[in-house]
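Asker: With the input below, show me the fold.
(4 chains)
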2 protein chains.
Amino acid sequence: MSTIHSFTEENYLKAIYHLSTGNNSVVSTNQIAEITNTKAASVTDMLKKLAEKKLINYIKYQGVTLTEAGKNAAVNIVRKHRLWEVFLVEKLGFKWDEVHDIAEELEHINSESLINRLDDFLGNPAADPHGDPIPDRSGTIHQKKLVRISDMQQDQNGTISGVSEHSSVFLKLLEKMGLTLGTKIRVSELIEFDGSIILIVNDHADRTISREVAKNILVML
Amino acid sequence: MSTIHSFTEENYLKAIYHLSTGNNSVVSTNQIAEITNTKAASVTDMLKKLAEKKLINYIKYQGVTLTEAGKNAAVNIVRKHRLWEVFLVEKLGFKWDEVHDIAEELEHINSESLINRLDDFLGNPAADPHGDPIPDRSGTIHQKKLVRISDMQQDQNGTISGVSEHSSVFLKLLEKMGLTLGTKIRVSELIEFDGSIILIVNDHADRTISREVAKNILVML
DNA sequence: TATTTTTTTTAGATTAATCTAAAAAATAAA
DNA sequence: TTTATTTTTTAGATTAATCTAAAAAAAATA
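Answerer: Now for the predicted structure:
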């Protein structure tokens, strides 16, 4: 089934995967260097190796895309990462801002039966503690349609269902403001001056959030 | 607290720890090479490195012992390994002969809070699925006094509480014979011819086991 | 005790992943 | 369309962990 790749190769595949979501499917050497905390020269070496193994399509000076095999490998790592995050939060009681680094290690454990049993044990969750969808065992991702609060209209309602920023400071802030997953919100007012937004939270409390915060909270309408 | 060591260093420390139990506290280069699946030359290199880090006491040509720091590190790895084994069996439903290799990977995950939470989640188990004691968070090991079936007298009773052989073939054999942990046995007869032993299992079924098997089943009297 | 065998160490290479500094290619600006 | 800037690649080193083959030390045997 899935071939075994080194810890390092897996991290590069994951980096390329995360960088190639959305608009840009072609990823540059420098982008990869940045999120893997390495230098461009090191990335070039690894790209050659991954291309050799047919995990990426790589043309010198022109960036890379994942092949089917590479994408499968990457999705599998993401699946593992997110399932472990659910485990850490749901079963061990970690907070949502504490689990990333540990899951970063756990995602490299290699055992298909382990991860499928874990999946069942957790009740086959659809999303991780940050609302990111968990790929199923075939690699399919069922992503719900979410919109940023910053893109909502006045008086529109929704349920907080994800975040697009995973830093601990940001997550702690949301926690403190009571803006965690599942919270129902209503856009009460759009402040013209600086783009900040006043929300009605759970039908009573109101909270003002900056445009920057609003851009990183994802809502299901 | 506990300094971080490389994956490889951890495996050497664990190997030395396991080899230095019982009578021999001094461990030889060749012994280490054997259980780490490396060559003696590689071991020598690593021993220098571990001695440099004050994790072992090493005198050329004279074998090694663990320092306090080294022993602490090793015990911690053993603690992690055994807790993960409990998790795999108790929570994910793996069989006792399936968990070793996975735990071998999981034991290198570095997070004290993770392992302490896991410990609590599992109900602070005293032993792993093979009956081996789990060191507590201070590193103390509460080992119950166990005897091998091969050392029991005729008509003596006991409860199977551990094994000293962890191979899958052996564990599957015990499973098939109903000689799993917690099973009550009585030594019914000692066969002089080949040292094999007839057991009364749970007061009714009787099972004949070879001396080799009897040596590897540990019983609490 | 002298010799043989075994064990351990050293010497010198190899592989994976990384780096810095310099060269080459692509992109942006004048 | 040259020139300047940025990005990417190559060249050459470094570190960790490993290896084989040879040398040195220790242990076993005659």
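
Asker: alpha carbons only for contacts and neighbour counts from here, please
Answerer: OK.

Asker: Residue ranges in chain A under the pLDDT threshold?
Answerer: Within chain A, the segments meeting pLDDT under 70 span A:1-2, A:22-23.

Asker: Report the residue ranges of every domain in it.
Answerer: Under the assignment automatic domain parsing, the domains of chain A span A:1-143, A:147-220.

Asker: contacting residues for A:Thr44?
Answerer: Shown in contact with A:Thr44 (C-alpha atoms under 8 Å, 6 or more residues apart in numbering or on different chains): A:Thr29.

Asker: and it, that one's in a strand?
Answerer: No: applying DSSP: H, G, I helix; E, B strand; the rest coil, one finds A:Thr44 to be helix, outside a strand.

Asker: chain center to the top helix by length along chain A, what's the gap?
Answerer: When chain A is parsed with DSSP state H, its longest helix is helix A:68-86. Counting by C-alpha atoms, centre = their mean, to the nearest Å, helix A:68-86 is centred 11 Å from the centre of its parent chain.

Asker: ditto for stretch A:169-185
Answerer: Stretch A:169-185 has its C-alpha centroid displaced from the chain centroid by 17 Å (C-alpha atoms, centre = their mean).

Asker: next one: stretch A:158-172
Answerer: Worked out by C-alpha atoms, centre = their mean, stretch A:158-172 lies 10 Å from the chain centre.

Asker: Close to DNA strand D: what parts of chain A are there?
Answerer: Residues of chain A found near DNA strand D (C-alpha under 7 Å from any atom of the strand) are A:28-31, A:40-45, A:59-63.

Asker: Could you tell me which of these count as buried?
Answerer: Taking 16 or more other C-alpha atoms under 10 Å in any protein chain shown as the criterion, what is buried in the residues of chain A next to DNA strand D is A:Ser28, A:Thr29, A:Asn30, A:Gln31, A:Ala40, A:Val43, A:Thr44, A:Gly63.

Asker: Phi, psi for the fourth one please.
Answerer: Taking degrees, to the nearest 10, you get phi -60, psi -40 for the backbone angles of A:Gln31.

Asker: and stretch A:44-63 with DNA strand C, contact?
Answerer: Yes: against DNA strand C, stretch A:44-63 shows contacts by C-alpha under 7 Å from any atom of the strand at A:Asp45, A:Met46, A:Tyr61, A:Gln62.

Asker: Show the contacting residues for the second one.
Answerer: What it means is A:Met46. For A:Met46, the contacting residues are A:Glu9, by C-alpha under 8 Å, 6+ apart.

Asker: Kindly indicate whether the residue nearest to A:Leu174 when sequence neighbours are not counted is helix, strand or coil.
Answerer: Using C-alpha to C-alpha, 6 or more residues apart in numbering or on different chains and skipping the chain neighbours, the partner closest in space to A:Leu174 is A:Thr180 (6.2 Å). Secondary structure, three-state DSSP: A:Thr180 is coil.

Asker: if I read this right, A:Thr180 contacts A:Val163, doesn't it?
Answerer: No: taking contacts as C-alpha atoms under 8 Å, A:Thr180 lies outside contact range of A:Val163: 9.4 Å.

Asker: Of all residues in chain A, which one is nearest the centre?
Answerer: Relative to the mean C-alpha position of chain A, the nearest C-alpha, by C-alpha atoms, centre = their mean, is the one of A:Asp132, at 5.4 Å.

Asker: do you know how far it is from A:Asp119?
Answerer: Note on A:Asp132: its distance to A:Asp119, by C-alpha to C-alpha, to the nearest Å, is 15 Å.

Asker: Same question for A:Glu104.
Answerer: 17 Å.

Asker: what does A:Glu165 give?
Answerer: For A:Glu165, the distance to A:Asp119 (C-alpha to C-alpha) stands at 25 Å.

Asker: Neighbour count: the two, which is higher?
Answerer: When neighbours are counted by other C-alpha atoms under 10 Å in any protein chain shown, A:Glu165 and A:Asp119 differ, and A:Asp119 comes out ahead with 23 against 14.

Asker: Three-state assignment for the residue with the largest distance to the centre of chain A, please.
Answerer: The centre of chain A is farthest from one residue, A:Phe193, which by C-alpha atoms, centre = their mean lies 31.3 Å away. When classified by three-state DSSP, A:Phe193 comes out as coil.

Asker: and if you look at A:Glu90?
Answerer: helix.

Asker: Count the neighbours of it for me.
Answerer: Around A:Glu90 there are 15 residues (other C-alpha under 10 Å).

Asker: same question, A:Asp97
Answerer: Neighbour count for A:Asp97, taken as other C-alpha under 10 Å: 18.

Asker: From B:Gly195, how far out is it?
Answerer: Separation of A:Asp97 from B:Gly195 (C-alpha to C-alpha): 60 Å.

Asker: Over to A:Asp136?
Answerer: To B:Gly195, A:Asp136 is 54 Å away according to C-alpha to C-alpha.

Asker: Can you point out the buried residues in the longest helix of chain A?
Answerer: The neighbour-count check on helix A:68-86 (16+ other C-alpha under 10 Å) flags A:70-86 as buried.

Asker: where's A:Thr65, which helix or strand?
Answerer: Using DSSP states H and E, A:Thr65 sits in strand A:64-66.
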